[in-house]
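In: Fold the following.
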Amino acid sequence: MSVTITYRIETPGSIEAMARKIASDQSTGTFVAVPGETEELKARVAARVIAIRPLADAERPTWPEVTEGNGPLHRADVDIAFPLDAIGTDLSALMTIAIGGVYSIKGMTGIRIVDMKLPEAFRNAHPGPQFGIAGSMRLTGVSDRPIIGTIVKPALGLRPKETAALAGELISSGVDFIKDDEKLMSPAYSPLKERVAAIMPLILDHEQKTGKKVMYAFGISHADPDEMMRNHDLVLKAGGNCAVVNINSIGFGGMSFLRKRSGLVLHAHRNGWDILTRHPGAGMDFKVYQQFWRLLGVDQFQINGIRVKYWEPDDSFVESFKAISTPLFEPSDCPLPVAGSGQWGGQAPETYQRTGRTTDLLYLCGGGIVSHPFGPAAGVRAIQQAWQAAVSDRPLEDYARDHPELAASIAKFSVGKDA
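Out: Prediction:
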């Protein structure tokens, strides 16, 4: 058994030689033969190049390394297999051995990790999602449509009572999901304890009156796992069922510690992921990155959306959605995809079409709900109507003729955008 990593190599030299160097450097090798490096040892734990697929030459280097001559910059996707004996199923070992060291190897002007295939041994080595898609749908009482969510804004600065006032309006709007912005954890002006105490009674009172419990994701991230666990317990004890976790900030260890003890739906924000991926010739694809966090146990995964306000192109979102919707080993290990960033009803038809005509997602809208001309409740209805139109393959403008909330949403938010 082995872990197979696909590296997209860019080099002015030999692709074959660079592939062999990666395999050697990242397993048994060094720059010179050493005592103890026997053929038996290499056969057992040495990485092997198993495939090379040439690509078109690069027009310019990803990294401006000094290279001899002005020859072409060769590119290829290279599959390298790492025996399980060398890595085991520890994710920190996998990140260190198969991924972490390759970026420091000389002779390349670019390298990107574009795929990772894990053997069956990883299936039961990590807990995976506790709630995932099915649990998120059950806890929000949603079926046959996306979970409609929003974010409390301003992201920073509101005190607990002010946050609760906005949250109360959103809870009564008919929305399914509300979250703290990932930047809000437990600042001095809005301690998590006070925020939970102000918001949870509103959620529970609404549940008593209507039977619907709005899922509120509180920001519990902390560098100290024990403190993060205390944050978790605070939310759970108050009757909450979800938490925002800034996965890159808390790390593998923090996530593992939390998941093994958690009773909350864990909503992953991939803060800082752009550092790893924004340049197409370096870093890693989301297809690789997301596997670590799914194994560790995130239940919901925020991945931007169609026509976002950030740099990420639509094709990248579609590939991210496909990645987290594809089972690693079984369907239950898929987290709920969360489409967000500048979303309103106008992106619903394309989101539906390009994600395989599925409604298994959380559609997260900020201003698309709270800035609706008729108020947040109308904003929620407008999003629901947009998804009804999308699923029935009706143009939004046609559907809006009989749905004033959607019509008002199109009039306000489609300026400069495709409705």
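In: quick one, strands of the stretch 151-300 of the chain?
Out: For the stretch 151-300 of the chain, the strands defined by DSSP state E, counting those that start in this stretch cover 177-179, 215-219, 242-246, 265-269, 282-284, 300-302.
In: Can you report how many residues neighbour the spatially closest residue to residue 180 that is not a sequence neighbour?
Out: Using Cβ to Cβ, 6 or more residues apart in numbering and skipping the chain neighbours, the partner closest in space to residue 180 is residue 219 (4.1 Å). Yep, even glycine has a C-beta here, placed from its N, CA and C like the rest. Residue 219 has 25 neighbours, counted by other Cβ atoms under 10 Å.
In: go on, the one 4 residues further on?
Out: A total of 10 residues lie near residue 223 under the criterion other Cβ under 10 Å.
In: Identify each buried residue in stretch 141-148, please.
Out: For stretch 141-148, burial by neighbour count (16 or more other Cβ atoms under 10 Å) applies to 142, 145-148.
In: actually stretch 109-121, not the one I wrote
Out: 109-116, 118.
In: For that stretch, give the mean pLDDT please.
Out: The average of the pLDDT scores along stretch 109-121 is 97.
In: Okay, and the beta partners of the residue nearest to residue 180?
Out: Listed by DSSP bridges, the beta-bridge partners for residue 219 are residue 244.
In: tally of neighbours for residue 168?
Out: Neighbour count of residue 168, defined by other Cβ under 10 Å: 17.
In: do the same with residue 210
Out: Residues near residue 210, counting by other Cβ under 10 Å, number 12.
In: and what of residue 17?
Out: For residue 17, using other Cβ under 10 Å, the count is 10.
In: you'd agree it is in a helix?
Out: Yes - assigned with DSSP: H, G, I helix; E, B strand; the rest coil, residue 17 falls within a helix.
In: contacting residues around it?
Out: Applying Cβ atoms under 8 Å, 6 or more residues apart in numbering, we find residue 17 in contact with no residue.
In: Please tell me how far it sits from residue 52.
Out: 11 Å (Cβ to Cβ, to the nearest Å).
In: swap in residue 297?
Out: Per Cβ to Cβ, residue 297 is found 35 Å from residue 52.
In: which of these two has more neighbours?
Out: Per other Cβ under 10 Å, whichever of residue 297 and residue 52 has more neighbours is residue 297, with 24 against 14.
In: isn't the more buried one right up against residue 135?
Out: No - counting by Cβ atoms under 8 Å, residue 297 does not reach residue 135; the two are 12.0 Å apart.
In: shared neighbours of these two, which are they?
Out: residue 129.
In: tell me which residues in the helix ranked longest in the chain are buried?
Out: Longest helix in the chain, counting residues (DSSP state H): helix 192-210. By 16+ other Cβ under 10 Å, the buried positions in helix 192-210 come out as 192, 194-196, 198-200, 202-203, 206.
In: Can I get these in CSV including distance to residue 400 and pLDDT?
Out: Converted to CSV, these look like this (distance: Cβ to Cβ, whole Å; pLDDT from 0 to 100):
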residue, distance to residue 400, pLDDT
192, 40, 97
194, 42, 97
195, 37, 97
196, 39, 98
198, 37, 98
199, 33, 98
200, 36, 98
202, 32, 98
203, 31, 98
206, 29, 98
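In: Max pairwise distance over those residues: which two?
Out: 192 and 206 (20.8 Å; Cβ to Cβ).
In: In the sheet, which strands lie alongside the host helix or strand of residue 337, parallel or antiparallel?
Out: Assigned by DSSP states H and E, residue 337 belongs to strand 336-339. In the sheet, strand 336-339 lines up against strand 300-302 (parallel), strand 362-364 (parallel) (DSSP bridges).
In: Which helix or strand lies directly C-terminal to that strand?
Out: Counting by DSSP H and E, the next helix or strand C-terminal to strand 336-339 is helix 348-354.
In: quick one: that next one to chain centroid distance?
Out: When C-alpha coordinates are averaged (Cα atoms, centre = their mean, to the nearest Å), helix 348-354 and its chain have centres 19 Å apart.
In: Would you map out the domains in the chain?
Out: Domain assignment for the chain by automatic domain parsing gives 2-122, 132-413.
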